[in-house]
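Asker: need a structure here:
(chains A and B)
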Amino acid sequence: MGETTNLNPVLLIAVPLGLAFLIPLLGLISKKIAKWFPVIGFLFNFILTLLILPHSLKQPIIVKIAGFAPPFGINLVAGPVGMLMAILIALTGLLVAIYALKYISEGAQQKYHILFLLLLTGATGVVLTGDIFNLFVFFEILCISSYALVAYLGNRAGLESAVKYLIQGSIGSSLLLIGIGLLYGQFGTLNMADLAKQIIDYTEPSVFVPMVLMITGLGIEAAIFPLNAWLPDAHSSAPSSVSAVLSGIAIEVGLYAVVRVLFTICHVSNFLMFFLFLGVLTLLVGEMSAFKQTNIKRMLAYSSIGQIGLIVFAFSISTQFGLAGGFFQMISHTLGKALLFLSAGFMIYRTGSMEISSFGGIGKKMPLTALLFTIGALSIIGLPPFVGFSSKFLIIKAALTEGKLLYTILIGIVLLGTVIEGIYFLRVIQTIYYKEENIAIAKKESPVFGLIPMFIFAMLIIVIGVYPNFITKVLNPAASELLNSIEYIRSVLG
Amino acid sequence: MSFLHNYIYYIGAFGLVFIGLFIMAVKRNYIKIIIGLSILEAGVNLFLISVGYIANGTAPIFSRTVLNAENMVDPVPQALVLTAIVIGLAVMGLALSLAIGLYRHFGTLNLREIKEQRW
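Answerer: Numbering: from 1, shown residues only, chains lettered A, B, ... in the order given. The predicted model follows:
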């Protein structure tokens, strides 16, 4: 049963949602007040998630919405996986909201902050819910807010990217809904734990079609290989704070949903060989495409695809180490990629161009920003003492302890991808520090409100990289929650 | 013939889904693609409703004369479809506003010609 505490995980979803609807009302009083709402909302969320986390590690907190008990009512499951993702979402939301105080200075600013709150509300809802249609609803909130935020600047690139993203994303959502309908028609329930319980005893193989439909639909948002055509355009045309959140949160929440469907509901263990190869293929396609880019944001977007491939590979090694490695890589990708997009944002703003060649000599003009960009890049490549090293090390350890030749070969290919990553990131760092400048810009650092979140990301990257122990205390329960779906069923249904 | 009689709603729903997918994949004009999206969503909603259909069932509303739940169709898919229709409305509104912006910037709605972002 759930533990009764005063800290209700419903507030994690309700408070940002309420603030999002409050912005237009309070915006009538003052135009400038809208940009503080995301900061307040995610500060509250971050503190609340840290307070709930110890309780949720002992026993997943089950919140019965409106008092109806599962399987008839909708319930939230704030277990280790959910709270880990919720902390990540709240932290990233808070820091990017502080960054956006200075970065978003033109255009319809109020609408930006409303959409930003809604995007992260949707993300928090996806990770905390225990009901599959509720997953669809929050997933749609996430997706629609991200379509609108990609088009926020209203320029040619943004509109084209948003149109393509919208078309592909809505096909994905319809496929997801068909899959949910098929599951409901077969089993008569929408509750994840109840579905899991019925599928364990189910002998016929007709769970395959709904599962494939749902994974394809969710995989479009998660950017797994054949479904990721929208990502380079969308992440490079959005404003940089939006790119940070899209790359750091939205695709990872999509991947969380895929993993939740695979492990908890459908109990697969033989379909995972397919995902193993798909992960490595995604990694290679992402890294090799990033290698030939000259536009910095497009390069970072392709690098996100590569990292998602790595996370899929880690999740397909369905052991304790593999899943823990996958979640750890999610954390390190969010921290690193958000830092890269935020610092690139101000560098682009200062030089006026997104081409890497125009960043020459910027290491002397904006030293702190360039240093933070370097820290992010080295973390993504996976060099010690940054968190990227610890997470990749955990994944390699997970693959090698399996002992099979296949995993060893695939890890070799993964490391080849890391070498390619190293090449293109180090190329950018070389341009920043050692090339002479093309465009004359003044020696002026980024604004303070932009530097503070970047510093905090960099501090977290270094601290978690050096002392990963207090993260592994959360990763291991998270991994075992996914592997051990019987425990999940028992904690929800009693 | 009996197969057709039993499964007509599913056949119709999946037919709409495939027509919608075909339109979205093949057509060049953005407005036609939006129409295809609308047809796709109509097909999905029809599929969801027909999952809950029970033969000879009435509407799942308790009133003073109808108090037994055995003759009613399943109300849960109807709630799902209401939500899905509203979500489809939001996506459609966003898609159409993007169409306005697209035409203003590019002068055409032919998506094959709007290809500024390349590899």
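Asker: what about the strands in chain A?
Answerer: A:61-64, A:75-78 (DSSP state E).
Asker: take those and write them to a markdown table, including mean pLDDT, mean neighbour count and distance to residue A:124.
Answerer: Quick note: C-beta positions are derived from backbone N, CA and C, even for glycine. What follows is these, written out as a markdown table (pLDDT from 0 to 100; neighbours: other CB atoms under 10 Å in any protein chain shown; distance: least, CB to CB, whole Å):
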| stretch | mean pLDDT | mean neighbour count | distance to residue A:124 |
| --- | --- | --- | --- |
| strand A:61-64 | 88 | 20 | 13 |
| strand A:75-78 | 91 | 26 | 10 |
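Asker: so which of these gets nearest chain B?
Answerer: Closest approach to chain B among these is made by strand A:75-78 (15.6 Å; CB to the nearest CB).
Asker: where does the prediction get shaky in the chain?
Answerer: Just going to use chain A. By pLDDT under 70, the low-scoring segments of chain A are A:1-5, A:203-205, A:438-439.
Asker: wait, chain B was what I had in mind.
Answerer: By pLDDT under 70, the low-scoring segments of chain B are B:66, B:118-119.
Asker: identify the residue of it closest to chain A, quick one.
Answerer: Residue nearest to chain A within chain B: residue B:51 (4.0 Å; CB to the nearest CB).
Asker: now the strands of chain A as TSV including distance to chain B?
Answerer: Listed next are the strands of chain A as TSV, based on distance: least, CB to the nearest CB, whole Å:
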stretch	distance to chain B
strand A:61-64	17
strand A:75-78	16
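Asker: can you list the ones you listed in JSON lines and add distance to residue B:61?
Answerer: Shown next, in JSON lines, are the strands of chain A (distance: least, CB to CB, whole Å):
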{"stretch": "strand A:61-64", "distance to residue B:61": "26"}
{"stretch": "strand A:75-78", "distance to residue B:61": "26"}
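Asker: once you drop chain neighbours, what's closest to the closest residue to chain B within the stretch 351-494 of chain A?
Answerer: Per CB to the nearest CB, residue A:354 is where the stretch 351-494 of chain A lies closest to chain B, at 11.8 Å. Nearest residue to residue A:354, sequence neighbours excluded (CB to CB, 6 or more residues apart in numbering or on different chains): residue A:295, at 4.9 Å.
Asker: how close does the one you found sit to residue B:117?
Answerer: 9 Å (CB to CB, to the nearest Å).
Asker: common neighbours of those two, please.
Answerer: residue A:236 (CB atoms under 8 Å, 6 or more residues apart in numbering or on different chains).
Asker: number of residues surrounding residue A:466?
Answerer: Neighbourhood size, residue A:466 [other CB atoms under 10 Å in any protein chain shown]: 14.
Asker: quick one: contacts for the residue nearest to it when sequence neighbours are not counted?
Answerer: Spatial nearest neighbour of residue A:466, chain neighbours left out: residue A:385 (5.2 Å); criterion: CB to CB, 6+ apart. Contacts of residue A:385 were listed using CB under 8 Å, 6+ apart, and they are A:462, A:465-466.
Asker: got phi/psi on residue A:385?
Answerer: Note on residue A:385: its backbone torsions stand at phi -90, psi 30 [degrees, to the nearest 10].
Asker: up against chain B, what does the stretch 101-250 of chain A have?
Answerer: Selection of the stretch 101-250 of chain A residues close to chain B by CB under 8 Å from any CB of the partner chain yields A:133, A:137, A:140, A:144, A:147-148, A:151, A:154-157, A:159-163, A:166-167, A:170-171, A:173-174, A:177-178, A:180-181, A:184-185, A:190, A:232-233, A:236-237.
Asker: same thing but at 7 Å, please
Answerer: A:133, A:137, A:140, A:144, A:147-148, A:151, A:154, A:156-157, A:159-163, A:166-167, A:170-171, A:174, A:177-178, A:181, A:184-185, A:233 (CB under 7 Å from any CB of the partner chain).
Asker: buried members of the residues you listed into PyMOL, please.
Answerer: For the buried members of these, the matching PyMOL selection, counting by 16 or more other CB atoms under 10 Å in any protein chain shown, is:
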select buried, chain A and resi 133+137+140+144+147+148+151+156+157+159+160+161+162+163+166+167+170+171+174+177+178+181+184+185+233
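Asker: okay, and the residue nearest the centre of chain B sits in which element?
Answerer: Nearest to the mean C-alpha position of chain B, counting by CA atoms, centre = their mean, stands residue B:41 at 1.7 Å. Element membership for residue B:41 (DSSP states H and E) is helix B:30-51.
Asker: and that helix, what does it pack against?
Answerer: The elements that helix B:30-51 packs onto, with contact taken as 3 or more CB pairs under 7 Å, 6 or more residues apart in numbering or on different chains; DSSP states H and E, are helix A:156-187, helix B:2-26, helix B:76-106.
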